[in-house]
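Student: Have a look at this prediction, sequence included:
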Amino acid sequence: MKYTMTFGMIHKVANNIVEIFLDENSVFNIETYKEYREFINQNFEKPYGVIINQVNKADFDNDVVTPIVKNEDVAGIASVTYWRDNERVAKRFINLAQDHRLPMRTFSAYQLGRMKARQWLELEILKQSENV
């Protein structure tokens, strides 16, 4: 199922895996995060994994990193990149979040990245579920 949001689209890959597509040139900020969290809390099982599908060029505000990585319901974040700019955005996020326990990885879309991201998230969700 795909859902249209003010910031882009959310795809329900599984009951515990969400895929986010941000609109072209959009910025994920605190307001966007609140809308996203409300939707996730109503529609996904916990723990859940997040695939950020960076098919469009988009960015995030630095102040949104902390609430994202401190959310204990998130088992991992996988970023699927298509462009060098996307890779830089993903690496900046990981660098800002490096002091937190949240597993994060980037995958190249041109090397079966979306499939690999989903497989990796399924393992991270399983690990977190076993630790609960």
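Tutor: Perfect, I can see it now.
Student: If you count contacts, what does the longest helix belonging to the chain end up packed against?
Tutor: Identified as the longest helix of the chain according to DSSP state H is helix 113-131. Where contact means 3 or more CB pairs under 8 Å, 6 or more residues apart in numbering; DSSP states H and E, helix 113-131 is packed against strand 17-22, strand 48-54, strand 74-81, strand 104-108. In short, each C-beta sits where N, CA and C put it, glycine included.
Student: and the angle from the helix or strand bottoming out on mean pLDDT in the chain to strand 104-108?
Tutor: Across the helices and strands of the chain, mean confidence by mean pLDDT, DSSP states H and E is lowest for helix 84-96: a mean of 89. Interaxial angle of helix 84-96 relative to strand 104-108 (axes from the mean of the first three to the mean of the last three CA atoms, to 10 degrees): 170 degrees.
Student: what about the chain, any weak spots by pLDDT?
Tutor: Scanning the chain for pLDDT under 70 picks out the ranges 132.
Student: picking up where we left off before, need the helices and strands packed on helix 113-131 in CSV (columns: distance to N95 and mean neighbour count).
Tutor: Shown next, in CSV, are these (distance: least, CB to CB, whole Å; neighbours: other CB atoms under 10 Å):
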stretch, distance to N95, mean neighbour count
strand 17-22, 19, 22
strand 48-54, 15, 24
strand 74-81, 13, 24
strand 104-108, 10, 18
